[in-house]
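Enquirer: Predicted structure and sequence below. I'll ask about it afterward.
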Amino acid sequence: VHLVESGGGLVQPGGSLRLSCSVSGNIFSILDMGWYRQAPGKARTLVASITIRDSSAHYEDSVKGRFTISRGDARTTVSLQMNNLTSGDTAEYFCTSRLRPSELSDLTTYWGQGTQVTVSS
């Protein structure tokens, strides 16, 4: 199973970025996909997640109203639209997915390699 992220970069305060992530490999079923972030010296925290079956979304309080998570029609991709970015959003962003690789597998969490988001003037 592989998760590949794209879309990070440098943006000015107040700007926008869109992160995308796709999951591939041996997959029986996917429960949800999401994004975590980790700033230097800080713990990795959940930013947003979405269930694949019904697109139920969850957001960390600081990003509510600014970030929107969505899944693709193929149900193997997820995007995070980030608007009105601030310096506090600067971090490495990691895509994650909880899935079962096979019918007999336990639910397992997989991670992408991370993509850097830097908000600076």
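Expert: Yep, that arrived. Every value quoted in this text rests on a predicted model; they were computed, and no experiment measured them. Numbering: from 1, shown residues only.
Enquirer: The residue nearest to S6 when sequence neighbours are not counted - how many residues pack around it?
Expert: Residue nearest to S6 in three dimensions, not counting chain neighbours: S20, with 5.2 Å by CB to CB, 6 or more residues apart in numbering. In short, each C-beta sits where N, CA and C put it, glycine included. Applying other CB atoms under 10 Å, we find 16 residues neighbouring S20.
Enquirer: Doesn't S20 lie inside a helix?
Expert: No. With DSSP: H, G, I helix; E, B strand; the rest coil as the criterion, S20 is assigned strand and is not in a helix.
Enquirer: so who does it touch?
Expert: Contacts of S20 were listed using CB atoms under 8 Å, 6 or more residues apart in numbering, and they are 5-7, 77-80.
Enquirer: Which one (most neighbours) among those?
Expert: Busiest of the contacts of S20 [other CB under 10 Å] is V78, holding 28 neighbours.
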